[in-house]
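S.K.: Sequence first, then the predicted structure, then my questions.
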Amino acid sequence: MTTEDRVMTLLANANPMPESWPLEFETDALTYLGRLEDGSSEMTSLDTKPATSKRDLKGRLLLTMAAVALLLGIAVVILAQADQAEPVATNPPVTTQVVRTTEALSSEAEEALAVATSFMNAFVAGDAEEAATHAIDGELNLGYSTSLQTMPKELAWRGAVGWMMEISGCTVDRPDPGNVWVACTVANDTAWGRALGHAPYESLYRMRVNQGERATGALDLDELMVTQVQAEGPGSVFGREVWKPFFDWVASVHPEAVDVMFLSDEVRPGPSDMTLPGQRAPSFGSDESLELWRAYTEEYVAEVRG
Amino acid sequence: MTVGGERFVELYESHYTNVYRYCRRRTTADEVDDAVAETFLTAWRKIDELPEGEGTLPWLYAVAYRVLGHQWRKVSRQERLRGKLAGLGFAGVTPPEEYVVVNDESRQILEALSGLRAKNRELLRLQTWEEMSSSEIASMFGISSAAVQKRLSRARKALADEYDRLDRRRNKAPAAQKGGAW
């Protein structure tokens, strides 16, 4: 096995332009500045072609249109063939992490898909720090957390209550100028649901990925980041079959814990279709609540399983 | 000469060589002049916003990174279209590093490097080829030094893994030929 030090040495040796190589040119800053101030350096290579006449322009326009039409036709044929060759697959099992794409993507869309998938992979793995490297704090609705700052708490809570997530698939969703939207379907398998014999429930995360949101001084780095997340929770069926029964059990067996474990704010994060009586949502901000969630989940699971 | 002009001349004379080397390490000889010129054109347009002192060069590198990114995306689109039209499928774009190869060992490490994610590739190159510190890289990407160190650590491991994977693939071919002796 090659050590990391070794590969770094190899990489340093593979430098295509080491500092020791002399560069044989002279920089004439004043001449260059003069060109810039004249506005003659819009492009590096000077255009020496004669000016285009209107007639030429019209001819070129027609040619361009014909070429575009031809390319579109070819693209349609290629896509049609691709569709025939690769029929749309049924949903993959929830135990695999698959990136699904059904059409040819632009390089930007491919990159956005990779960024969003990396973000989701880190999120479902509970690695808040890694997830944060692919996102900026925009309008992030990650389930019950609303920002990168609160995400670690949500992930710790999910760990405490045995809430496992698995990506079923990610795909480029709705492209719009300047943004790419990526949608990931996630299977949610909870300790409460497993105890009750329910299969995982699907939820959907839509992520907006765009460029230049992370600014360094005056410069926007041309880097794709997740800047918005819209989560659609596992839905009312999960709320009815799993979430509410657990809440009712806590309210019945440990009524004193309800206010510690559940927020009662009227304005609350989280999917609305999982709303509990009194607009309650899980409270995982304190060590005390986290411990109660852990302990009572174990107790509930043991009781349900008999 | 205007204040902006003076600043630009100073910038150009101080950093032209560094920016040229940066671009040449990442693109072909044909493309490098355009990339360098585009970088300094951007610097000229934003001369009033340029960070002072040690922040200047990372800023220029960040601009060059973006300029090269546009070049790569353009090449990528062209390559893909060519591949489709030729009915050959898309086999990926040859990364710029592949154009300059010193020996087999270098080829293998550059191939391994090209298998990493773009940002990880860039972090490793900045550290080894531009010899930038974590804090300089951090200022370039607008993230913390700790985040850079963590990413670099992961990138180094990924590079070593990829290098070993290529090693195994290369060593597998002769082994398979000998398989009949069993």
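M.R.: Perfect, I can see it now.
S.K.: Return the helix or strand in the chain with minimum mean pLDDT.
M.R.: In the absence of a named chain, this looks at chain A. Within chain A, no helix or strand scores below strand A:219-220, which has a mean of 39 by mean pLDDT, DSSP states H and E.
S.K.: that's the other chain; I wanted chain B
M.R.: Scanning chain B with mean pLDDT, DSSP H and E, the lowest is helix B:56-85, at a mean of 71.
S.K.: Dump the very next helix or strand once past that one to CSV, restricted to CA.
M.R.: For helix B:56-85, the following helix or strand on the C-terminal side (DSSP states H and E) is helix B:104-114. Output of helix B:104-114 as CSV, limited to C-alpha atoms (Å, rounded to 0.1, in the frame of the first residue of the first chain):
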residue,chain,number,x,y,z
ASP,B,104,5.4,6.6,-16.0
GLU,B,105,5.4,7.3,-12.3
SER,B,106,4.2,10.8,-12.9
ARG,B,107,1.7,9.6,-15.4
GLN,B,108,0.2,7.2,-12.8
ILE,B,109,0.0,9.8,-10.1
LEU,B,110,-1.6,12.3,-12.5
GLU,B,111,-4.0,9.7,-13.6
ALA,B,112,-4.8,9.0,-9.9
LEU,B,113,-5.2,12.8,-9.4
SER,B,114,-7.6,13.1,-12.3
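S.K.: Check chain B for its longest helix and report it.
M.R.: In chain B, assigned by DSSP state H, the helix with the most residues is helix B:145-178.
S.K.: Can that one be said to contact chain A?
M.R.: Yes. Residues of helix B:145-178 contacting chain A under Cβ under 8 Å from any Cβ of the partner chain: B:Ala147, B:Lys150, B:Arg151, B:Arg156, B:Lys157, B:Leu159, B:Ala160, B:Tyr163, B:Asp164, B:Asp167. Backbone N, C-alpha and C define where each C-beta goes, glycine included.
S.K.: What does the pLDDT read for the residue nearest to the fifth one when sequence neighbours are not counted?
M.R.: Distances taken as Cβ to Cβ, 6 or more residues apart in numbering or on different chains place A:Glu4 nearest to B:Lys157, at 6.2 Å, with adjacent residues excluded. According to the predicted model, the pLDDT of A:Glu4 comes to 88.
S.K.: Show me where chain A has its strands.
M.R.: Using DSSP state E, the strands of chain A run over A:135-140, A:164-172, A:179-189, A:201-211, A:215-216, A:219-220, A:224-232, A:262-263, A:281-282.
S.K.: Among those strands, show the one with the smallest mean pLDDT.
M.R.: strand A:219-220 (a mean of 39).
S.K.: In the longest helix of chain B, which residues are buried?
M.R.: B:147-148, B:150-152, B:154-156, B:158-163, B:166 (16 or more other Cβ atoms under 10 Å in any protein chain shown).
S.K.: and what of stretch A:159-168?
M.R.: A:Ala160, A:Val161, A:Gly162, A:Trp163, A:Met164, A:Met165, A:Glu166, A:Ile167, A:Ser168.
S.K.: from those residues, which is closest to A:Ser286?
M.R.: A:Ala160 (12.1 Å; Cβ to Cβ).
S.K.: Looking at the residue nearest to the closest one when sequence neighbours are not counted now. What's its pLDDT?
M.R.: Closest residue to A:Ala160 in three dimensions, ignoring its sequence neighbours and counting by Cβ to Cβ, 6+ apart: A:Arg294, at 4.1 Å. As predicted, A:Arg294 sits at a pLDDT of 95.
S.K.: what about A:Arg294, neighbour count?
M.R.: A:Arg294 has 17 neighbours, counted by other Cβ atoms under 10 Å in any protein chain shown.
S.K.: can you tell me how far it sits from B:Gly142?
M.R.: Using Cβ to Cβ, to the nearest Å, A:Arg294 is found at 37 Å from B:Gly142.
S.K.: I'd like to know how many residues surround residue 124.
M.R.: No chain specified, so I'll use chain A. So A:Val124, with other Cβ under 10 Å, has 21 neighbours.
S.K.: Wait, chain B was what I had in mind.
M.R.: 22.
S.K.: was I right about it contacting B:Arg154?
M.R.: No. Using Cβ atoms under 8 Å, B:Leu124 makes no contact with B:Arg154, being 10.5 Å away.
S.K.: Flag the shaky bits of the chain, pLDDT-wise.
M.R.: Answering for chain A, as no chain was given. A:24-27, A:39-106, A:137-138, A:174-178, A:211-223, A:264-280 (pLDDT under 70).
S.K.: not quite, I wanted chain B
M.R.: Counting by pLDDT under 70, chain B has low-confidence residues at B:1, B:72-103, B:173-182.
S.K.: before we move on, what SS does B:Asp33 have?
M.R.: helix (DSSP: H, G, I helix; E, B strand; the rest coil).
S.K.: In the stretch 51-200 of chain A, what residue comes closest to chain B?
M.R.: A:Ser107 (4.7 Å; Cβ to the nearest Cβ).
S.K.: Residue 23: neighbouring residues, count only.
M.R.: By default, I'm working from chain A. 12.
S.K.: was after chain B, sorry
M.R.: B:Cys23 - counted by other Cβ under 10 Å - has 27 other residues nearby.
S.K.: Next one: A:Phe284 from chain B, what distance?
M.R.: 25 Å (Cβ to the nearest Cβ, to the nearest Å).
S.K.: Surely that residue touches A:Met151?
M.R.: No. A:Phe284 sits out of contact with A:Met151 when judged by Cβ under 8 Å, with a separation of 11.1 Å.
S.K.: Now tabulate the residues of helix B:145-178 next to chain A in TSV and tack on distance to B:Pro58.
M.R.: Shown next, in TSV, are these (distance: Cβ to Cβ, whole Å):
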residue	distance to B:Pro58
B:Ala147	15
B:Lys150	19
B:Arg151	16
B:Arg156	21
B:Lys157	25
B:Leu159	22
B:Ala160	27
B:Tyr163	28
B:Asp164	32
B:Asp167	34
